[in-house]
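Asks: curious how this folds, go ahead:
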Amino acid sequence: MNISIELIILVLCPFLALLSSGVFRKLFARFQNRKGPPVIQPFYDIIKLWGKERIESDESRNIIFYSGLFIAIIFLIILYLIFFGVIKFEYDFIVFIYLIVSVEVAVICSAFASRNIFSYVASMRELVLMLGYELIIAFSVINIISISGVLSISSVQSMIFSAPVSIIFLLFSGLAVLRITPYDTASASTEISSGMASEFSGKILMLYLLVEKLKDFMYYLLISRIIIGWNIYTPLILLGLLFAYALINASSARYNFMLSAKKLFIAAVLSLINIGVIGL
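Replies: Numbers count the residues shown, from 1 in each chain. I've put the predicted structure just below:
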């Protein structure tokens with residue numbers, strides 16, 4: 001794509017991230033034979049939360065609780081700048097993966113600092129699951145780098161024929177990253193209320209939702225780019241991912257936490273084997 005078009009997309013990413021979330025929710029509802037919310041519902045949610053007052057508890061009045069989400073936003077900005085080539089350097093692909101981890105860790109630290117029991121349980125679950133899916137992502141990216149010889153994410157071309165197994169692992173890890181059923185145990189509202197967001201409200205909750213939407217959209221972009229490269233067909237792959245994940249989310253039953261973690265760690269071991277033995 002032309003560099004100017006990439007910069008326009010970069011600026012529009014917050015809008016596109018919320019829009020993709022709305023499309024996912026609409027598809028999810030349709031698969032369950034419901035009308036569902038309008039596609040622009042995430043925009044309504046953000047605007048509504050911006051005008052809400054923050055309800056504070058004594059436990060949440062600390063600097064870590066507030067700073068975690070702001071640090072996550074900073075990491076996300078750097079992620080997007082690297083992805084679109086505004087910041088480009090050798091081995092930025094590796095830094096990119098570290099930043100994905102850092103975004104989630106910053107959110108978890110904020111949730112831990114709230115000292116809410118539901119936030120605590122959700123954060124512990126997310127930490128364990130994160131160990132599994134981040135290993136899958138790391139091993140898959142290492143394999144893609146070794147096959148393609150590309151060390152910068154802005155230079156990645158289509159890997160669907162060169163590294164099909166690694167792409168399958170990335171798609172599988174997306175179930176946990178995006179909290180798609182059956183791997184949504186860290187956000188299971190019937191078990192742990194609102195999960196990590198239990199203590200968030202008002203503008204802080206708005207910031208949390210924005211971080212989640214931007215992180216999810218970045219993962220869609222990452223997988224789409226690795227599958228087809230960066231061209232006019234990339235948005236079609238992204239829409240296909242939204243469709244597939246919404247269908248899985250609507251048609252699957254949630255695993256219990258231990259089963260989710262077990263399957264992710266098994267997949268992590270298989271992705272490691274793929275590097276040394278199969279190399280696909």
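
Asks: identify the residues contacting stretch 142-157?
Replies: In this structure, residues lying in contact with stretch 142-157 by C-beta atoms under 8 Å, 6 or more residues apart in numbering are 82-85, 88-94, 96, 159, 162-163, 165-166, 222, 225-226, 229-230, 271, 274-275, 279-280. Every C-beta, even on glycine, is put in place using the N, C-alpha and C of the backbone.

Asks: which ones are touching Ile160?
Replies: Per C-beta under 8 Å, 6+ apart, neighbours of Ile160: Ile167, Ile227, Ile228.

Asks: how confident was the prediction at it?
Replies: We have a pLDDT of 89 for Ile160.

Asks: same question for Tyr208.
Replies: So Tyr208 comes in at 89 (pLDDT).

Asks: do you know how far it is from Met218?
Replies: Distance, Tyr208 to Met218, using C-beta to C-beta, to the nearest Å: 16 Å.

Asks: CA atoms of stretch 156-171 as CSV?
Replies: Extracted C-alpha coordinates of stretch 156-171, given in CSV (Å, rounded to 0.1, in the frame of the first residue of the first chain):
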residue,chain,number,x,y,z
VAL,A,156,6.3,-9.0,6.1
GLN,A,157,4.7,-10.5,3.0
SER,A,158,2.1,-13.3,2.7
MET,A,159,3.2,-16.4,4.7
ILE,A,160,0.1,-18.5,4.0
PHE,A,161,2.1,-20.9,1.8
SER,A,162,5.5,-20.5,3.5
ALA,A,163,4.4,-21.0,7.1
PRO,A,164,0.8,-22.4,7.2
VAL,A,165,1.3,-24.3,10.5
SER,A,166,2.5,-21.1,12.3
ILE,A,167,-0.5,-19.2,11.0
ILE,A,168,-2.8,-21.9,12.3
PHE,A,169,-1.2,-21.5,15.7
LEU,A,170,-1.6,-17.7,15.6
LEU,A,171,-5.3,-18.2,14.7
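
Asks: buried set for it?
Replies: Val156, Ser158, Met159, Ala163, Val165, Ser166, Ile167, Ile168, Phe169, Leu170, Leu171 (16 or more other C-beta atoms under 10 Å).

Asks: name the nearest residue to the last one, ignoring sequence neighbours.
Replies: If the residues on either side of it in the chain are set aside, Leu171 comes closest to Ile223, at 6.5 Å by C-beta to C-beta, 6 or more residues apart in numbering.

Asks: the one you found and Ile137, how far apart?
Replies: 10 Å.

Asks: between those two, which is the more surrounded one?
Replies: Neighbours around Ile223 and Ile137, counted as other C-beta atoms under 10 Å, are more numerous at Ile137. The numbers are 24 against 19.

Asks: so which bits of the strand or helix carrying that one are buried?
Replies: Using DSSP states H and E, Ile137 falls within helix 117-148. For helix 117-148, a neighbour-count test (16+ other C-beta under 10 Å) marks 118-123, 125-126, 128-130, 132-145, 148 as buried.

Asks: over to stretch 90-103?
Replies: By neighbour count on 16+ other C-beta under 10 Å, the buried set for stretch 90-103 is Asp92, Phe93, Val95, Phe96, Ile97, Leu99, Ile100, Val101, Ser102, Val103.

Asks: in helices, which of those residues fall?
Replies: Asp92, Phe93, Val95, Phe96, Ile97, Leu99, Ile100, Val101, Ser102, Val103 (DSSP state H).

Asks: now do the shared contacts for Ile223 and Ile137.
Replies: The contact lists of Ile223 and Ile137 share Leu170, where a contact means C-beta under 8 Å, 6+ apart.

Asks: center of this protein - which residue?
Replies: Against the mean C-alpha coordinate of the chain, by C-alpha atoms, centre = their mean, the closest residue is Asp216 at 3.3 Å.

Asks: could you give the mean pLDDT of the helix or strand encompassing Leu19?
Replies: If you go by DSSP H and E, Leu19 is part of helix 3-31. Helix 3-31 carries an average pLDDT of 90.
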